[in-house]
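Undergrad: Have a look at this fold, sequence not included:
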């Protein structure tokens, strides 16, 4: 939910991904889910992909990330790596900066989840076919109960999103921001 990916003024704002973010109302649905989670006393977390100045952590041969330096995307400390302003962040929220697709790879995510005794992860994000899939599969294999908020996710096309959700159904429960019951 960082600006480079979901903000109308970000690099993806006018791309097919940006169109899907708007058409699927990802930001509005995510704001609803965040409020419901906070009201239920559920920990909230934000994951961002980001690279230090000069991109030393950026894999040069990655089809996903190798174009970031040239495009000026995912620079830590810049507008693009900030979480969209419509999504309220609070002190104490789980915060993860990642350098690969999975938020579990070489990050502090496991330590933060363990410290808080978290056993269930509600997942959303952009893009469904990359970070959401990686998060669900890695979380599943680490014995977390995984729940995807389907209407808080988007891919480059509706078809790509549907295909991703279809393949994820074996690894998680699927619900929506309106139907999720954080107290259950």
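TA: Great, that's in hand. From a predicted model like this one, the values you see are computed outputs, not experimental measurements.
Undergrad: what helices or strands is the strand of greatest length in the chain leaning on?
TA: Counting by DSSP state E, the longest strand found in the chain is strand 145-154. On a contact count with 3 or more C-beta pairs under 8 Å, 6 or more residues apart in numbering; DSSP states H and E, strand 145-154 meets helix 16-23, helix 26-39, strand 120-126, helix 133-141, helix 158-168, strand 173-175. All C-beta atoms are positioned from the backbone trio N, CA, C, and that covers glycine.
Undergrad: can you confirm residue 69 is in a helix?
TA: Yes. Per DSSP: H, G, I helix; E, B strand; the rest coil, residue 69 lies within a helix segment.
Undergrad: What residues does the most centrally placed residue in the chain make contact with?
TA: In the chain, the C-alpha closest to the average C-alpha coordinate belongs to residue 125, at a distance of 3.4 Å (C-alpha atoms, centre = their mean). By C-beta atoms under 8 Å, 6 or more residues apart in numbering, the contact set of residue 125 is 1, 47, 131, 132, 135, 152, 153.
Undergrad: now with 7 Å?
TA: Listed by C-beta atoms under 7 Å, 6 or more residues apart in numbering, the contact set of residue 125 reads 1, 131, 132, 153.
Undergrad: looking at it, residue 130 is touching residue 103, isn't it?
TA: No. Using C-beta atoms under 7 Å, residue 130 is not in contact with residue 103; the gap is 11.1 Å.
Undergrad: The two: who's more crowded?
TA: residue 103 (26 against 17; other C-beta atoms under 10 Å).
Undergrad: for the more buried one, what are its contacts?
TA: Taking C-beta under 7 Å, 6+ apart, we find residue 103 in contact with 47, 96, 109, 135.
Undergrad: and of the helices and strands packed on strand 145-154, who's closest to residue 77?
TA: Closest approach to residue 77 among those (C-beta to C-beta): strand 120-126, 20.8 Å.
Undergrad: gap between that closest one and the chain center?
TA: Mean-position distance between strand 120-126 and its chain equals 7 Å (C-alpha atoms, centre = their mean, to the nearest Å).
Undergrad: Please apply the same query to stretch 51-69.
TA: With C-alpha atoms, centre = their mean, you get 19 Å for stretch 51-69.
Undergrad: ok, residues contacting that stretch?
TA: Residues outside stretch 51-69 that contact it (C-beta under 7 Å, 6+ apart): 74, 75, 76, 99, 101, 130.
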